[in-house]
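**Student:** here is a sequence together with a model predicted from it:
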Amino acid sequence: MHTQNLSLQPNNWPAPQNADHDFVARPISMSSLELVDFINSQREEGEAVLDHADLMKKVPKVLKKDAGRFSDIYLDSMNRRQKCYRFPKREACLMAMSYSYELQAKVFDRMTALEESARAQFVPNNSKIVGELAILECFDRLLKPAPSSKMLMLAKIAQSNGLDANFLPGYAVDDSPDATGGSSMPTKSATALLKDNGIRMSPAVFNKALQQAGYLKVLQRKNSKQEVVDFWSITEKGLRYGKNLTSPQSPRETQPHWYVDRFLELAGLVGVGRK
């Protein structure tokens, strides 16, 4: 006998939205395997056990031409792909009714209870999501993080709220606002690029030169001890030459990285060159 429980739709389905484009809880569904388990759990002593193969044969008879709309696949105990169905509430009730009205009522009550539970779990998260997205918007305006950093933050917001983030792109293009290549431009830290290009200058002195020219600015945050910590952030003007990554040490501060192909041009703009 199968031991699966009634469940929400698979996690790889995009989170639905209402007419106002707010994310809402996914509708409850029941696979044919789950329906068989539920029906068998309700049988009286001595009643025959329903087999999944028998229910599969019955689906086209009950749902007729609509049956194909609910076709699905599951992996059996030998990791083989097998056919099944996944029913929304209406179709699950129709299938249960084909056995008895009593079963239909029990399936209806069970799925209704799960719908209410899903709504109760999701609704409190709405205000939390709004707040987290507002923080992300402020972070974006103040620190100008690279698209890849924003993508990571969005994925974390989705994860913390039980949402599927598969609708997000697999990657983000980190490039200069005037770039036309359509792919991310390689970057490195100032420390690495100064060394690679044979420029004998400390990163601290180089950053000061960039700050005076308007390509970098100093921002501040408080650490866990409420001490003020300074960190560098590339300005709007500097985004042609680099991007702000989220610092591995603290997601609340940025770590400038500079485009490899434009570093010498940037260095020249602040009067720095090979020696």
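**Tutor:** Received, thanks. Residues are numbered from 1 along each chain as shown.
**Student:** give me the below-cutoff pLDDT ranges for the stretch 101-250 of the chain.
**Tutor:** Residues of the stretch 101-250 of the chain meeting the criterion pLDDT under 70: 119-127, 139, 142-143, 146-148, 163-184, 247-250.
**Student:** skip the chain neighbours and tell me the closest residue to L264.
**Tutor:** Counting by Cβ to Cβ, 6 or more residues apart in numbering, L264 lies nearest to N197, which is 6.2 Å off, once chain neighbours are set aside. For every residue, glycine as well, the C-beta is placed using N, CA and C.
**Student:** all helices of the stretch 51-200 of the chain, in order?
**Tutor:** Here the stretch 51-200 of the chain has its helices, by DSSP state H, counting those that start in this stretch, at 52-63, 89-97, 101-143, 147-160, 190-196.
**Student:** off-centre distance for the third one?
**Tutor:** Mean C-alpha position of helix 101-143 versus that of the full chain (Cα atoms, centre = their mean, to the nearest Å) differs by 15 Å.
**Student:** angle of it against helix 89-97?
**Tutor:** In terms of direction (axes from the mean of the first three to the mean of the last three Cα atoms, to 10 degrees), helix 101-143 departs from helix 89-97 by 160 degrees.
**Student:** and the protein, what are its domains?
**Tutor:** Following automatic domain parsing, one gets these domains for the chain: 7-123, 173-269.
**Student:** now these as TSV including distance to L133?
**Tutor:** Compiled in TSV, the domains of the chain are given as follows (distance: least, Cβ to Cβ, whole Å):
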stretch	distance to L133
domain 7-123	11
domain 173-269	16
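**Student:** quick one: which of the ones you listed is nearest R141?
**Tutor:** When the domains of the chain are compared by Cβ to Cβ, domain 173-269 sits nearest R141, at 10.7 Å.
**Student:** surely Y85 touches M56?
**Tutor:** Yes. Using Cβ atoms under 8 Å, Y85 is in contact with M56, at 7.4 Å.
**Student:** for the two, work out which one has more neighbours and name it.
**Tutor:** Neighbours were counted for Y85 and for M56 using other Cβ atoms under 10 Å; Y85 has more, 25 against 17.
**Student:** so who does the more buried one touch?
**Tutor:** Contact analysis of Y85 by Cβ atoms under 8 Å, 6 or more residues apart in numbering lists 31-32, 56, 59, 67, 70-72.
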